[in-house]
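**Q** Task: produce atomic coordinates for the following.
(chains A and B)
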Number of protein chains: 2
Amino acid sequence: MNISNLGEFRLIQKLSKIVPCQPSTIRGIGDDAAVLPFKKDKYLLFTTDMLIEGAHFLKSMGAQRIGRKALACSISDIAAMGGVPTNAVVSVGLPKHTSVKFVTDLYKGLSQIAKEFRVSIVGGDTTQADQLIINIALLGQVTKKYLVTRNGAKPGDWIFVSGPLGGSLKSGRHLTFTPRVAMAQFLVKQYRPSAMMDISDGLAGDLNHILTASKTGAKLWEEAIPCYQGVTLPQALSDGEDFELLFTLPEKVAERLMHWQFKQKRFYFYPVGVMTGNPKQKINAQSYTHF
Amino acid sequence: MNISNLGEFRLIQKLSKIVPCQPSTIRGIGDDAAVLPFKKDKYLLFTTDMLIEGAHFLKSMGAQRIGRKALACSISDIAAMGGVPTNAVVSVGLPKHTSVKFVTDLYKGLSQIAKEFRVSIVGGDTTQADQLIINIALLGQVTKKYLVTRNGAKPGDWIFVSGPLGGSLKSGRHLTFTPRVAMAQFLVKQYRPSAMMDISDGLAGDLNHILTASKTGAKLWEEAIPCYQGVTLPQALSDGEDFELLFTLPEKVAERLMHWQFKQKRFYFYPVGVMTGNPKQKINAQSYTHF
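**A** Numbering: from 1, shown residues only, chains lettered A, B, ... in the order given. Predicted structure coming up:
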């Protein structure tokens, strides 16, 4: 059997059973970032993302924007755990005839968003490849009481997203999106989501990850799902690469958030459904997959 | 200008001037691993390595051995700083028709060496690519007083390597080598090397990195350089992928080590030269380069 037949998620499940994990690990494979021991009141977060020409970007999209995207994806993962990013290492695979200008532009894009989010780039590796490849590994830290994982949602919790979904690849938003660190920090400090992740594979597929981890089901309120302009509901559910936050709040907290946001208008979070006690209630829609 | 004309080391120099680094970073780009704040008596180490089919391995070498090598290279980097490895994240780029068996074997190889060195694999990313790609990002920790960097060598220090050099790719040793964690731990605890790194690009090229970082020159005792069986001196100097330790010790400490090792025979370290005060005294031999 080859990996296309098996599918990305079942492959990851299989692999995560092979790999070793020491008992000191707070949380390993299966969330936006790993959670590791760090300081008295803080955990260390650790995540990685590999972006490949053709699958995640085309060279014609511009080196600076490609570099920016690579780091932005990882920052989004740290944000979704309730953390702030700190240090990154960057590996690049470069085709032989890549111009020096292209590579320096790539690093300028990377560096710009790194500065914006106070991330240090502390190491890397460069090697030759047939396609352009960028791999980011990013550390972050999270105050222990603010850590949010995927497995804390309860039946009755409301489901929220942090912005309109769909059409990210087509519109180019996947290159220019702002990782939701500020929104996530606001949420973990003020409202303590019961579960959270970022939407990289589409609302439908990613919500199913929360359902599996939390052993719950969900009902989506289709008419409430915010679609990006010109995007259909199936696209909003499945396109992927939105990099918005997907989170759940107990009903009373959800109502408090709704009340606040109508008055303040600082951020706007969209309620899109409710968790149920029936784990068989999955979301049926195509999820973005890499194979 | 393209990257092949510029060369890998000058490219890295150029890029390291672009990227941002927060003042909290103890040591960023330019060593085997980055050094970051961690605990009262310990630093966090952070390194990354990208291995690509064709450049670093062939599929025919066997999935388990490829997986093993990927992690072994990074463990070697942590060892060379005086540290022990702790947690890794693994990204893989897989051609569409890769068999599930190949991928699980790759992870078995990775997991075996991870267990051997008590490394937890805590996360990863899988994506589709034209070539097989493995990127490892590895964390480690080092007791502050045992940290060794590349920039502490002084004129008069003796230069050592931890084993015979050359022919690693040809003999297959680059797939099966043991990262020198035990040797490095012994050295930092008993002899405190003034500078240390692992030999990945060949003794000549890598020693020049220590010379640049330490602002020293060096003389090699050609007849003392341990060549792997069937390997010529130029090959021992330039082949690369030895993953032996290269380190320097003040003369008196070097003599103490020599005395000890003739008696104990637990480890054997080879003296290969001496540091000089003339920074122009570089090692003239071809260094392994990826472009």
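
**Q** in the sheet, who's paired with residue A:219?
**A** residue A:274 (DSSP bridges).

**Q** Likewise for residue A:47?
**A** So, taking DSSP bridges as the rule, residue A:47 has residue A:138 as bridge partners.

**Q** what's the burial count for it?
**A** 30 (other C-beta atoms under 10 Å in any protein chain shown). C-beta here means a position set from N, CA and C on the backbone, and glycine is covered the same way.

**Q** hang on, isn't it packed against residue A:76?
**A** No. Residue A:47 is beyond contact range of residue A:76, at 9.3 Å (criterion: C-beta atoms under 8 Å).

**Q** any common contacting residues for the two?
**A** residue A:32 (C-beta atoms under 8 Å, 6 or more residues apart in numbering or on different chains).

**Q** Tell me how many other residues surround residue A:168.
**A** 26.

**Q** now residue A:232
**A** By the criterion of other C-beta under 10 Å, residue A:232 has 12 neighbours.

**Q** List the residues that contact it.
**A** residue A:166.

**Q** which phi and psi does it have?
**A** Dihedral pair for residue A:232: phi -80, psi 160, per degrees, to the nearest 10.

**Q** now it: how far from chain B?
**A** Plainly put, residue A:232 is 26 Å away from chain B if you go by C-beta to the nearest C-beta, to the nearest Å.

**Q** Equivalent analysis for residue A:6, please.
**A** 5 Å.

**Q** in terms of contact, does that residue touch residue B:100 like I think?
**A** Yes. Checked against C-beta under 8 Å, the pair residue A:6 and residue B:100 is within contact range at 5.3 Å.

**Q** For these two, list the residues in contact with both.
**A** By C-beta under 8 Å, 6+ apart, the residues touching both residue A:6 and residue B:100 are residue A:14.

**Q** what's the neighbour count on the residue of the stretch 51-200 of chain A found nearest chain B?
**A** The nearest approach of the stretch 51-200 of chain A to chain B comes at residue A:137, 3.1 Å away (C-beta to the nearest C-beta). Counted with other C-beta under 10 Å, the neighbours of residue A:137 add up to 31.

**Q** doesn't residue A:36 fall inside a strand?
**A** Yes. Assessed by DSSP: H, G, I helix; E, B strand; the rest coil, residue A:36 belongs to a strand.

**Q** how many neighbours does it have?
**A** 22.

**Q** Just give the closest residue to it, not the sequence neighbours.
**A** Excluding the flanking residues, the one nearest residue A:36 by C-beta to C-beta, 6 or more residues apart in numbering or on different chains is residue A:44, at 4.3 Å.

**Q** and the one you found, what does it touch?
**A** Shown in contact with residue A:44 (C-beta under 8 Å, 6+ apart): A:35, A:36, A:37, A:38, A:139, A:140, A:141, B:44.

**Q** check contacts around residue A:111.
**A** Contacts of residue A:111 by C-beta under 8 Å, 6+ apart are A:67, A:121, B:18, B:19, B:20.

**Q** Tell me how far it lies from residue A:67.
**A** Per C-beta to C-beta, to the nearest Å, residue A:111 is found 8 Å from residue A:67.

**Q** Residue A:25 too?
**A** From residue A:25 to residue A:67 the distance is 31 Å (C-beta to C-beta).

**Q** Looking at these two, which one has more neighbours?
**A** Set residue A:25 next to residue A:67 and count neighbours by other C-beta under 10 Å: residue A:67 wins out with 28 against 19.

**Q** Can you check the pLDDT for the most centrally placed residue in chain A?
**A** Taking C-alpha atoms, centre = their mean, the centroid of chain A lies closest to residue A:198, which sits 3.3 Å from it. On the pLDDT scale, residue A:198 is placed at 98.

**Q** and it, how far is that from residue B:93?
**A** Relative to residue B:93, and taking C-beta to C-beta, residue A:198 is found at 21 Å.

**Q** can you give me phi and psi for the residue nearest to residue A:36?
**A** The phi/psi pair for residue A:44 (degrees, to the nearest 10) is phi -90, psi 140.

**Q** same thing with residue A:225?
**A** Per degrees, to the nearest 10, the backbone of residue A:225 is at phi -70, psi 120.

**Q** Residue A:36 contacts residue B:123, doesn't it?
**A** No. The criterion here is C-beta under 8 Å, and residue A:36 misses it with residue B:123 at 10.1 Å.
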